[in-house]
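# Below is the structure, and that's it, no one-letter string:
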């Protein structure tokens, strides 16, 4: 990873951001990008450590018609085709927090950038969190005009895995909302990842076009405004159940009376397809396997479906 946590005022030969800005300032400050950042052949998986042993990103990632081309799983100098993928050869199989950011915390915001490229992961231990923008979101996040277009190939091996085109897992004990919004009805935030799932089934495997799993136990909301969903998900994974959805894979139950709310205002589902070779249950075209203690509210222009 391009490791923000290693940024110090000195030089120690580690891969880090240029300049003398320290890690704490980078993690809580503003990162502005423009043009295209292509991570192909670099071996870089993201901006922070991918083993979960890191501080959360609580700052702002701001683009100006920017694009980040992921190449997760590709080693330095490597250019491997999909047919050649294997452990240690074009696939991540041990590092558990896979995303541009490993974890985000209170105040994290993202705007005006496209997350593209490829993500190839073959988990070989329990507890894998995989998202194009962030692996795990704690305590809310604001996302404006961020387009999700990457291609993900996940080779599941009877392990616990959370997979989302934007966020793998939203896990919060606060009431801070997740906000996903486009600039206008004609300039929408686009959720259109291409996700391929293969391998073997197990419990606790959740897949969503935007978010794999939401496990917040508090009163909590997801606000979507001016959003287009065009997820393409194909699964040949074994097992007759697959907890997957075009937007969210699952919203987990909680032991209390706190309800969660999904607010839809100007959301369009167009050209979204979910194809399963073996699964016959636990799937949903939009909200996925389950949405426990959750109210869905249609506001303004609400939800439209086509294609």
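Cool, the structure landed. Computed from a predicted model, the values in this text were never measured in an experiment.
# Quick check: chain neighbours aside, which residue is closest to residue 299?
Using Cβ to Cβ, 6 or more residues apart in numbering and skipping the chain neighbours, the partner closest in space to residue 299 is residue 265 (4.2 Å). Quick note: C-beta positions are derived from backbone N, CA and C, even for glycine.
# Am I right that the one you found is in contact with residue 296?
No: when contacts are counted by Cβ atoms under 8 Å, residue 265 is not listed as touching residue 296 (11.9 Å).
# more neighbours, those two?
For residue 265 versus residue 296, neighbours defined as other Cβ atoms under 10 Å are more numerous around residue 265 (18 against 14).
# Contact partners for that one?
223, 224, 225, 226, 298, 299, 300, 301, 302 (Cβ atoms under 8 Å, 6 or more residues apart in numbering).
# Name whatever forms a beta bridge with the first one.
Under DSSP bridges, the beta-bridge partners of residue 223 are residue 179, residue 263.
# wouldn't it be in contact with residue 177 here?
Yes: using Cβ under 8 Å, residue 223 is in contact with residue 177, at 5.7 Å.
# Contact partners for the residue lying closest to residue 209 once chain neighbours are set aside?
Of all residues beyond its chain neighbours, the one nearest residue 209 is residue 231 (3.0 Å), with distances taken as Cβ to Cβ, 6+ apart. Counting by Cβ under 8 Å, 6+ apart, residue 231 touches 165, 191, 192, 193, 195, 209, 210, 246, 247, 272, 273, 274.
# mind running it again at 10 Å?
148, 165, 191-195, 207-210, 244-247, 269, 271-274, 285-286 (Cβ atoms under 10 Å, 6 or more residues apart in numbering).
# of these, buried ones?
148, 165, 191-195, 207-210, 244-247, 269, 272, 274, 285-286 (16 or more other Cβ atoms under 10 Å).
# Quick check: strands, which of those are part of them?
Mapping these onto strands (DSSP state E) picks out 148, 191, 194, 195, 207, 208, 244, 245, 269, 274.
# Residue 186 versus the first one, what's the distance?
By that I understand residue 148. Look at residue 148 and residue 186: by Cβ to Cβ, to the nearest Å, they are 19 Å apart.
# Then residue 281?
38 Å.
# quick one: buried residues of stretch 58-70?
Buried residues in stretch 58-70 (16+ other Cβ under 10 Å): 58, 59, 60, 61, 62, 63, 66, 67, 68, 69, 70.
# now do stretch 156-170
156-170.
# Among these, which has the minimum pLDDT value?
Among the buried residues of stretch 156-170, residue 158 carries the lowest pLDDT, at 71.
# Just to check, that residue is in contact with residue 202?
Yes: judged on Cβ atoms under 10 Å, residue 158 makes contact with residue 202 at a distance of 4.3 Å.
# Find the residues that touch each one of these two.
123, 126, 238, 239.
# Of those, which count as buried by neighbour count?
123, 238, 239.
# what's across from the closest residue to residue 274 other than its chain neighbours in the sheet?
Excluding its sequence neighbours, the residue lying closest to residue 274 (Cβ to Cβ, 6+ apart) is residue 233, at 4.7 Å. Beta-bridge pairing of residue 233 under DSSP bridges involves residue 195, residue 274.
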